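**Q** Here you go, sequence then predicted model.
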Amino acid sequence: MKKFGELIGADTLVLIDFYSDWDEDENSLAILREVAAALGDTAKVIKIDIKKNETLADALRVKGNPTFMIYKNGEMKWRQTGIQDAETLIGLVHQYA
């Protein structure tokens, strides 16, 4: 949990994708790669496996897969469960940057 606090506490905006590898497909990975490429140094794009990080997922009440969150300076700015397209995610990051 401490590492997560350090990650989201940075000045850089963080987009997190909570996923489960049993339900992961190439399309969602391609979307995140597109988002990361478009954002460059504007934000960090992180994937967190729900099963490997159950304590964190429970603490954040992650129930659906995928669940996306945007953090800035340690504060959650946006959260949505369900598949998102690259344009939407890029637009949201720019909105909160």
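**A** Structure's in. What do you need?
**Q** contacts, neighbours, all on C-alpha from now
**A** Will do.
**Q** which secondary structure element contains the most centrally placed residue in the chain?
**A** Using CA atoms, centre = their mean, the residue of the chain that lies closest to the mean C-alpha position is Ile16, 1.2 Å off. Under the assignment given by DSSP states H and E, the secondary-structure element containing Ile16 is strand 13-19.
**Q** And the next helix or strand past that strand?
**A** Taking DSSP H and E as the definition, the helix or strand that follows strand 13-19 towards the C-terminus is helix 26-39.
**Q** tell me what that next one is packed against?
**A** The criterion is 3 or more CA pairs under 8 Å, 6 or more residues apart in numbering; DSSP states H and E, and the helices and strands that helix 26-39 contacts are strand 43-49, helix 86-96.
**Q** Format those as TSV; extra columns: mean pLDDT and distance to Asp11.
**A** Putting the helices and strands packed on helix 26-39 into TSV (pLDDT from 0 to 100; distance: least, CA to CA, whole Å) gives the following:
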stretch	mean pLDDT	distance to Asp11
strand 43-49	93	9
helix 86-96	96	12
